[in-house]
Every structure is written in structure tokens, then in C-alpha cells.
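**Q** Sequence first, predicted coordinates after that:
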Amino acid sequence: MIKFSDNFTIVLFHYDGRTTEWNEFEWSKRAIHVSVRKQTKWWYAKRFLHPDIVASYDYIFIWDEDLGVEHFNAEEYIKLVRKHGLEISQPGLEPNKGLTWQMTKRRGDREVHKETEEKPGWCSNPHLPPCAAFVEIMAPVFSRDAWRCVWHMIQNDLVHGWGLDFALRKCVEPAHEKIGVVDSQWIVHQTVPSLGNQGESKDGKAPWQGVRERCKKEWTMFQGRMANAEKAYFQALGADTTDSSAH
């Protein structure tokens, strides 16, 4: 954790009730610890990282616990974010570890990238996710202003955050220029199974299967709610909503 200087405040959200084990790390004694069993970081963020509470910070890191930071320095990262005008960002991911999206794969020949090519048919527009205006919910970094918007999109009864990464673009304009991946400060996703162990076995299914099903269900719920909210918003403005997906 020396990758983060004293300019950063560290908050650890514990989902497994294991807090005292962290005492062996000197930096942990200066961190803020919050422990609620079987919750995720987005559940915590909604309740403990209100924009007014973190308003004194320029940037907010909302990171998973299984990220290798050997090649990462937070101070240098912030310099690059400012240099390239990124309001929402993430470090590049080591390409040799399992990747879900091409956008988040680290490029070895540049400081930052803001667009990518995906599988044929995956992007209806080169400026829309997942080909641009997109970072994952694994290791996002938000400016103060962007976080104020994103926080309002996080919903109290949804905890996993699936789908949020596709909606982040609604918080910055133009999104394809202000959302990007920082390649020269990169991390490794160690893919340590964690939340899956917090699930419950039902009908012979493994606990992780129940967690994944809940993730997918929440994604569907989130999409529906966002679509309804956007439709209501444009109707209130008296706008034509026949093609709201283009907005």
C-alpha cells in the first residue's frame, strides 16, 4: 500500500468480517475500516462515500481487493489523469491475465488510450461503450465532480454494480474524451474469488452461482430503471424519446 502516499486516505470496506488480520500492516493502522458482512463496495460507497463527505478530495478510487499494484504509483497516475483531462479513468490491465473487455487492456506504447476495437457488432458507435467512454467497475477512479453524478446513479437496493460501467458516460461530456485508461500506470487483476464465497447454496447450486445470478438480475434491473429515468427526463423536457438510446 506504499503505492499510495500520505496524500491519500485509505478506507477498507470489509465484506467478510475479518478486520483484525489487517493489523500486521503498518498502513492499515492509519486506514479507516468499515465492516458489514456480505456487502459489496458499491453498497458501501452509496452509504459511506456521499459526495459531500468526500468533497475535499480531488479524486476517488473505488477499487476491488484483488489488484496487483507492483507497477502502479498513485501520484504519477493522478498527474497523467490531469494531463489528459480524464474525469473517469482506470489503470490499464495486464493483458496476460483474463480480460473481459479490450478497452481495459494495457497498451505498451502510450500513456493513455480512450478508444479501442471490440468484437464485430459489439459497438454500435465508435464513441460508445464498450469501444469508448468506458472503464470497468473493477478499478475506476473518479474526479470529484464526476463522482457526485455517479454516486446518484448507484441504487440503494442493488449491491453488485453490474451495468454501472456502461452508464458512467452519462456523467461527463464529451464522454469519449473524458473517460480513458491510463496505460503507463498499470495493475494486475489477480482474479481471486471472493464474493462468490459469500453466497448461499440453493437447489444444489454452488454459492458462487447464486451470486452471479444475482449480479445478472441486478444488471437487468439497473438497465430498466435507467431507461425509464432517461425517458421521463426527456419527456419532462418535451423532447422526442423515440431514440433515447442515442443520447
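**A** Happy to help now that I have it. These numbers were taken from a predicted model, which means no experiment stands behind them. Numbers count the residues shown, from 1 in each chain.

**Q** wait, Arg214 sits on Leu158?
**A** No: at 9.5 Å, Arg214 and Leu158 do not qualify as touching, with contact defined as Cβ atoms under 8 Å. Bear in mind the C-beta positions are built from the backbone N, C-alpha and C, glycine included.

**Q** Compute the mean per-residue pLDDT across the helix or strand that Trp219 is a member of, please.
**A** Secondary structure assignment for Trp219, by DSSP states H and E: helix 207-236. Computed over helix 207-236, the mean pLDDT rounds to 88.

**Q** Same question for stretch 48-55.
**A** 97.

**Q** Go through it and flag the buried ones.
**A** Burial within stretch 48-55, assessed by neighbour count using 16 or more other Cβ atoms under 10 Å, is assigned to 49, 51, 54.

**Q** Show me what it is in contact with.
**A** With Cβ atoms under 8 Å, 6 or more residues apart in numbering as the contact definition, stretch 48-55 has outside contacts at 11, 13, 34, 60, 62, 144, 147-148, 151.

**Q** wait, which of those is closest to Trp122?
**A** If you rank the contacts of stretch 48-55 by distance to Trp122 using Cβ to Cβ, Ile62 comes first, at 25.0 Å.

**Q** Contacts only, for that closest one.
**A** Contact partners of Ile62, counting by Cβ under 8 Å, 6+ apart, are 41-42, 45, 49, 137, 139-142.

**Q** ok, 6 Å please
**A** Under the criterion of Cβ atoms under 6 Å, 6 or more residues apart in numbering, the neighbours of Ile62 are 45, 140.

**Q** Just want the phi and psi numbers for Gln185.
**A** Taking degrees, to the nearest 10, you get phi -120, psi 100 for the backbone angles of Gln185.

**Q** Skip the chain neighbours and tell me the closest residue to it.
**A** Once its chain neighbours are removed from consideration, Gln185 has its nearest residue in Tyr77; the separation is 4.3 Å (Cβ to Cβ, 6 or more residues apart in numbering).

**Q** Using neighbour counts, pick out the buried residues of the helix or strand of the chain with the lowest mean pLDDT.
**A** Taking mean pLDDT, DSSP states H and E as the measure, the chain has helix 207-236 as its least confident helix or strand, at a mean of 88. Taking 16+ other Cβ under 10 Å as the basis for neighbour counts, the residues of helix 207-236 that come out buried are 208, 210-212, 214-215, 218-219, 222, 226, 230.
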